[in-house]
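Asks: I would like the atomic coordinates for the input below:
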Amino acid sequence: QVQLVESGGGMVTAGGSLSLSCTLSGRTFSNAAMGWFRQAPGKEREFVTAIGGIGGLTRFAESVKGRFTISRDNAKNTAYLQMNSLKPEDTAVYYCAASWGNNYYSYTNSGTYNYWGQGTQVTVSS
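Replies: Residues are numbered from 1 along each chain as shown. Reported below is the predicted structural model:
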């Protein structure tokens, strides 16, 4: 059974930082592309960032470039999202997702991903 478990999140004031982690079990992590998406109330789920398995290429949404960092530790089957300089508009439920057999150009598409985490709330107050 494949499972993605997220941790981290919480509440922070604008300008602060938060870190999320996502651990995969039940399937090979090292060749999985790992993505982070978010969904704010009343809005559609949107792509945040992703990192490839082989080679570790990364992609970022324009809205988070320069503020968010994605990384992975294949020995721990875990992907990380470091969020700095947070803004109130970053408030959302954040989801991690895993994908196998897809290329870099598909990372932004939620349909690319095979499995999803349960989501974790990030709230940024002004």
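Asks: center of this structure - which residue?
Replies: Geometric centre of the chain, nearest residue: W36, 2.1 Å, by CA atoms, centre = their mean.
Asks: got the CA coordinates for stretch 110-126 in CSV?
Replies: The C-alpha trace of stretch 110-126 is given here as CSV (Å, rounded to 0.1, in the frame of the first residue of the first chain):
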residue,chain,number,x,y,z
SER,A,110,-1.8,17.6,-11.0
GLY,A,111,-3.0,14.8,-13.2
THR,A,112,0.6,13.6,-13.5
TYR,A,113,0.7,12.4,-10.0
ASN,A,114,-0.3,8.9,-8.8
TYR,A,115,-0.5,9.4,-5.1
TRP,A,116,-1.3,12.3,-2.8
GLY,A,117,-0.8,13.1,0.9
GLN,A,118,-3.6,14.1,3.2
GLY,A,119,-2.7,17.8,3.2
THR,A,120,-1.4,20.1,5.9
GLN,A,121,-2.6,23.6,6.7
VAL,A,122,-0.4,26.6,6.4
THR,A,123,-1.7,29.9,7.7
VAL,A,124,0.2,33.1,7.3
SER,A,125,-1.2,36.1,9.2
SER,A,126,-0.5,39.7,8.2
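Asks: and it, what's its mean pLDDT?
Replies: For stretch 110-126, mean pLDDT rounds to 96.
Asks: please compute how far it lies from its chain's middle.
Replies: 7 Å (CA atoms, centre = their mean, to the nearest Å).
Asks: next one: stretch 49-57
Replies: Distance of stretch 49-57 from the chain centroid (CA atoms, centre = their mean) equals 12 Å.
Asks: and that stretch, what's buried?
Replies: Across stretch 49-57, burial judged by 16 or more other CB atoms under 10 Å covers T49, A50, I51, G52, G53. To be clear about C-beta, it is placed using only N, CA and C from the backbone, and glycine gets the same treatment.
Asks: so what's the closest residue in space to K43 that isn't next to it in sequence bridging to?
Replies: Spatial nearest neighbour of K43, excluding adjacent residues (CB to CB, 6 or more residues apart in numbering): A92 at 7.8 Å. Beta-bridge partners of A92, counted by DSSP bridges, are V122.
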